[in-house]
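Enquirer: Just a sequence and a predicted model for now, questions to come.
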Amino acid sequence: MEYNYDLLVIGAGPGGYVAAIRASQLGLKTAVAENRDVGGTCLNRGCIPTKSYLHTGELFRQTKEFELYGLSTENTTLDMKRALDRKNDVVTKLRLGVEQLFKSGKIDHFAATATIIEPHKALLTPVDGSEKSEITAKFILIATGSVPSLPPVEGCDLENVITSDELLDMDRLYDNFIVAGAGVIGMEFVGMYNSFGKNVTLMASRDRILPKVDKEIAQNLTMILKKRGVKILTKARLKKITKDDDGMLRCWYLNGDQMESITGDGVLLASGRKANTKNLFAEGFEGVKMTEKGEIEVDGQYRTSVPNIFAIGDVIPGKQLAHVASAEGICAVEIMAGHEPSIDVSVIPDCIYTDPEIACTGLTEAEAKEMGIKVKVAKAMTSSNGKSLIANQDRGFVKIVYDEENDRIIGAQLMCARATDMINEFSTAIVNKLSKKQMQAVIRPHPTFGEMVTEAVDELDSMAIHIAHRK
């Protein structure tokens, strides 16, 4: 059969557009269909907009500490309209960059919803309302990402009850903000609103925040946020939202068996995200198996139950991270082209852009012990790091999990400034099975946050010289 394209990518987020570029590099005639702006959730409604606001918030919070540094300002204010304009400017520049990559790679971009009607055929419905058309491809890659998941709670449709999508396009702030959800999304927005100087209440349904993160990190962040004025409710299971006579929103939650409530002028529903499969398959199309959660099932090579249809990113089971989707997209098209995957997807760095930042990779101490691995754990504290003291950083640390029997680094958990940059060194170490001696052989400049890596590695060796301590 003759196809219009070698590959049709459905979705132009960090998984889809990176996969399309790699496919073009490998000589595959490629098309991309996207019914919203290129860049997907990450660029337009997630990672980039959030980090833009977090950077603004970090700078604003630091102005409160200016006297410590011998600085003074008067009437420092926050203009959310200008912050929104800057966020949009950053997003637009990056979006145009992706579109330019499509052009240079001779990738056809269709602003349309692609609906799979046969294993090698999709129906394109243009977003501008023009005539529909059919397209054929040897391979189809589904990279449609995810959408906010709303909890089954009465009152979710009330005014000022929002998801992250709406929050990132607002040019005003709530004065008393309630965040329902203590996962990654919730914690980043708690930090953002707190840094903007607003009253924030966090509702965590479990007994602690960030339940999937190293317990010590969660405890440390809880302590820091409480010190900064954030009210944290644990074991608070949201049951319904109502509106008081004065227009304030009231969140009703179970605390054990007791029904209690809190009020605020805005509520963020941060209960996670779900696979986006809306309009993906035509009525009557069968063959692609789904999980009970509505995700697309794939094998170890990202193939669905239909051999020529692949899926990656948030639409399949696994970690919902932009860099994971990009890596999976590259591996999937390399497999289509008959190549061995070039990326090790077994080691995934997790990053949370709180203040201080959190980054983890590989195994935690608890996970390693559950697997029967004899481990040694070493830690370097920010209190002994010169750069952290200069920058007046809160209490944090760099923790390393070391496999003593096989002499290699198998995990790391960081909670400190620049953690999301420093984690790369540990991912490299784990993928390449670096030993303690190999990690110690690296000179890391002084004064830097990265010196904590040296100090933590040296803690694994009782014979090491602790230069940082001596200084």
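Expert: Nice, thanks for sending it over.
Enquirer: Grab the longest helix from this protein for me.
Expert: helix 80-104 (DSSP state H).
Enquirer: after that helix, next one along is what?
Expert: Per DSSP states H and E, the first helix or strand lying C-terminal to helix 80-104 is strand 108-118.
Enquirer: circling back to that earlier point, now the longest helix of the chain and strand 108-118, what's the angle there?
Expert: 80 degrees (axes from the mean of the first three to the mean of the last three CA atoms, to 10 degrees).
Enquirer: and helix 80-104, average pLDDT?
Expert: Averaging pLDDT along helix 80-104 yields 97.
Enquirer: Stretch 193-203 now?
Expert: According to the model, stretch 193-203 has a mean pLDDT of 97.
Enquirer: which ones are touching L268?
Expert: The neighbours of L268, taking CB atoms under 8 Å, 6 or more residues apart in numbering as the test, are 162-164, 167, 177-181, 186, 189. Every residue, glycine included, has its C-beta placed from N, CA and C.
Enquirer: What of K289?
Expert: 296-297, 304-305.
Enquirer: Swap in 6 Å and give it another go.
Expert: 297, 305 (CB atoms under 6 Å, 6 or more residues apart in numbering).
Enquirer: confidence score at it?
Expert: 97.
Enquirer: the domain parsing of the chain - what is it?
Expert: With domains defined by automatic domain parsing, the chain comprises 5-147+274-336, 161-271, 356-470.
Enquirer: Need those domains in a markdown table (columns: distance to P349).
Expert: Shown next, in a markdown table, are those (distance: least, CB to CB, whole Å):
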| stretch | distance to P349 |
| --- | --- |
| domain 5-147+274-336 | 7 |
| domain 161-271 | 13 |
| domain 356-470 | 4 |
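Enquirer: Spatially central residue for this protein, please.
Expert: The chain has L321 as the residue nearest its centroid, 4.7 Å off, counting by CA atoms, centre = their mean.
Enquirer: Among the contacts of L268, find me the one that's closest to L254.
Expert: Distance to L254, by CB to CB, is smallest for A180 among these, at 12.9 Å.
Enquirer: Quick check, the closest one in contact with L238.
Expert: Yes - using CB atoms under 6 Å, A180 is in contact with L238, at 5.0 Å.
Enquirer: Please determine how far the closest residue to I224 other than its chain neighbours is located from I348.
Expert: Distance criterion CB to CB, 6 or more residues apart in numbering; nearest residue to I224, sequence neighbours excluded, is D394 at 5.1 Å. Distance from D394 to I348, counting by CB to CB, to the nearest Å: 26 Å.
Enquirer: Pull out the buried residues from stretch 136-150.
Expert: For stretch 136-150, the neighbour count (16 or more other CB atoms under 10 Å) marks 136-149 as buried.
Enquirer: per-residue confidence averaged over it?
Expert: pLDDT averaged over stretch 136-150 gives 96.
Enquirer: do stretch 241-255 as well
Expert: 96.
Enquirer: for the stretch 1-150 of the chain, what spans make up the strands?
Expert: Using DSSP state E, counting those that start in this stretch, the strands assigned to the stretch 1-150 of the chain run over residues 5-10, 30-34, 108-118, 121-126, 133-142, 146-148.
Enquirer: again with the stretch 351-471 of the chain
Expert: 358-362, 375-381, 397-403, 408-415.
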